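Peer 1: Everything below, folded, please.
(chains A and B)
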Amino acid sequence: MQVYLPIAEMSVNALLVLGMGWLVGFLSGMFGVGGGFLMTPLLIFIGVPPAIAVGTQANQLVAASVSGVLAHWRRGNVDVKLGVVMLGGGVVGTAVGVWIFGILQRLGQIDIAITLSYVFFLGTIGGMMLVESSRAILRRRAPTARRGKLHRHIWLHGLPFKMRFQRSKLYISALLPAGIGAVGGMLVAIMGIGGGFLLVPAMIYLLNMPAGLVAGTSLFQIIFTTAAATLLQAATNQTVDAMLALLLLIGGVVGAQFGTKAGSRLRGENARLALATIVVAVALKLAFDLFSRPDDLFTLTMGVR
Amino acid sequence: MGLLAKLRPTKRRLVQGVAALAGLLLGGTVAATVWAQQLVADLSSHLIAITTGFTGTEVVLFGTTDGAGDVAIVVTGPRAPATVRRKERVAGMWMNTDSLRFDQVPSFYTVAVSRPLDQLVGRPVLERHQLGLPQLQLPADATLPPEQLAAYRSALIRNKQRQGLYAISMGQVAFLGERLFRTNIYFPANVPTGLYNVEALLIRDGDVVSAQTTPLVVSKIGFSAEVSDFARNRPVTYGVAAVIGAIAAGWAAGAAFRRV
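Peer 2: Predicted coordinates for the structure are as follows:
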């Protein structure tokens, strides 16, 4: 069944898009990440213009993170105070990101900027996860592991503007969560992803937050950064396709339910290893495309820009 | 048909059997002119409606001549500026380095002929009527050495052909007998919206002796039109609506699957 996308101005197979939404929703339910890092390259692959893929993906992530946060909210796994501080940085980061997006688009360098950020962030985070989860699996097999310290103090924890976060049992500088939020906001605007795969490890390793609160709190602030990104992209670049977002959403919601069930049967480190493998594979594929000679050295852009 | 009636003044006198057939096809609303035009052509539809289920469409162009001759059809989409960018290897990566802007690039271009053009007319005539891709006028924004300009120009055409918006080969105008002709013009699913020009040319003895231009409108209709109008005319409200819709959908999904 073909459906015409009014903003992307192209016709797509509705079942294909629903299936893509389902697959990404399944993976995000299984691993507890947004899955935007898979969806944007998939959309570009089926021919959606990169700018519209990024803008629409932000819109779809609003819905995905709202439904995700509800489940965490009911279990009391959201630190609202920390989330709001992160959000303060997140809105600034999103605005800066949309501004950078516009400049790069005018310079004709937006495609390579998107690809390079994907290769850099996915490669780094995926590589780190790969090492960490393989170590955890090896340690489980050889049970000689010693218990680490509960908190490690590094220079980041000596920054000013200290705040107390009762819910997370933390007393840290407000600059830290705000800074993490700002980086997340920039990723939403430039890469069309929620940034969960970056926020979650940062909150665990840099903030030393209790693991149970991390997913709910990062989703909580992702709602607002993706909403801000949707609004800014629609108002300035007109790159939000409501029809495409709706199709992705329907597939994603259903897929996420199956994914959550499948995920509950996976051990934590095995799930992280599987996710890390997918992330690294996407990064390698994008890096390969970047360095291999394109079929046509010339590209065409219609319109004023 | 109302549009058609406005476009061409209808005249009374019918010209023999061929025109009667054309009149039949048009539902009897059009007749030929008093002084017997050399060329009369029309489209099966003057509006291509892009609805939610649109997957591309075909329009039939048909017409008649007043005697032996050849016919060429040129379909041109609305013109807009376009930028062609060239990639080069920088530190091992392929990235855009140079670019050239073209003004007035037709968003769509296709030609159909009854016989290969090089058998019909000389180069000056081809250029005057922009007949065929090599003759298509694409003014560039900057002055470059001819070979570089040619590389950018051919890249523009190549990219358009890959999108299916410039025809790779010329279409065929088929004659039924000596005077009645027809051709099918195909518009793909990604056809740009706007006002198109369909030009029919009658060629005799190495020159264009008669021409007729018919407009064709490509427009989004129904739901897809409402969405794109909303997004373009009130972008901020559209953004707010998109966010509210997403929050509602996410909330509904979360609530619906609560018990699962």
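Peer 1: number of nearby residues for residue 182?
Peer 2: Picking chain A for this. Per other C-beta atoms under 10 Å in any protein chain shown, the neighbour tally for residue A:182 reads 23. Where C-beta positions appear, they are placed from N, C-alpha and C, glycine not excepted.
Peer 1: you looked at the wrong chain, it should be chain B
Peer 2: 18.
Peer 1: How about residue A:20?
Peer 2: 22.
Peer 1: List the residues that contact it.
Peer 2: With contact set as C-beta atoms under 8 Å, 6 or more residues apart in numbering or on different chains, residue A:20 has these partners: A:39, A:42-43, A:46, A:248, A:251.
Peer 1: what's the helix or strand for residue A:249?
Peer 2: helix A:242-264 (DSSP states H and E).
Peer 1: In PDB, please show the C-alpha coordinates belonging to that helix.
Peer 2: In PDB, the C-alpha atoms belonging to helix A:242-264 read as follows (Å, rounded to 0.1, in the frame of the first residue of the first chain):
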ATOM      1  CA  ALA A 242       3.200  14.500  10.300                       C
ATOM      2  CA  MET A 243       2.100  11.600   8.100                       C
ATOM      3  CA  LEU A 244       5.500   9.900   8.300                       C
ATOM      4  CA  ALA A 245       5.700  10.500  12.000                       C
ATOM      5  CA  LEU A 246       2.300   8.900  12.500                       C
ATOM      6  CA  LEU A 247       3.300   5.800  10.500                       C
ATOM      7  CA  LEU A 248       6.500   5.400  12.400                       C
ATOM      8  CA  LEU A 249       4.700   5.900  15.700                       C
ATOM      9  CA  ILE A 250       2.100   3.200  15.100                       C
ATOM     10  CA  GLY A 251       4.800   0.700  14.200                       C
ATOM     11  CA  GLY A 252       7.100   1.800  17.000                       C
ATOM     12  CA  VAL A 253       4.500   1.500  19.800                       C
ATOM     13  CA  VAL A 254       3.500  -2.000  18.900                       C
ATOM     14  CA  GLY A 255       7.100  -3.100  18.400                       C
ATOM     15  CA  ALA A 256       8.200  -1.700  21.700                       C
ATOM     16  CA  GLN A 257       5.700  -3.900  23.600                       C
ATOM     17  CA  PHE A 258       7.200  -7.000  22.000                       C
ATOM     18  CA  GLY A 259      10.700  -5.700  22.600                       C
ATOM     19  CA  THR A 260      10.100  -5.100  26.300                       C
ATOM     20  CA  LYS A 261       9.000  -8.700  26.800                       C
ATOM     21  CA  ALA A 262      11.900 -10.100  24.800                       C
ATOM     22  CA  GLY A 263      14.200  -7.800  26.800                       C
ATOM     23  CA  SER A 264      13.100  -9.000  30.100                       C
END
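Peer 1: C-terminal to it, what's the next element?
Peer 2: Next along the chain after helix A:242-264, taking DSSP H and E as the criterion, comes helix A:268-291.
Peer 1: tell me which residues in that following helix are buried?
Peer 2: A:269, A:271-276, A:278-280, A:282-283, A:286-287, A:290 (16 or more other C-beta atoms under 10 Å in any protein chain shown).
Peer 1: Of the contacts of residue A:20, grab the buried ones for ChimeraX.
Peer 2: Applying 16+ other C-beta under 10 Å to the contacts of residue A:20, the buried members can be selected in ChimeraX as follows:
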select /A:39,42,43,248,251
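Peer 1: Could you identify the helix or strand that succeeds the helix or strand where residue A:26 lies?
Peer 2: Assessed by DSSP H and E, residue A:26 sits inside helix A:14-31. Next helix or strand after helix A:14-31 toward the C-terminus (DSSP H and E): helix A:36-45.
Peer 1: Are there helices or strands packed against that next one, and which ones?
Peer 2: Counting contacts by 3 or more C-beta pairs under 8 Å, 6 or more residues apart in numbering or on different chains; DSSP states H and E, helix A:36-45 packs against helix A:14-31, helix A:50-74, helix A:110-141, helix A:175-191, helix A:268-291.
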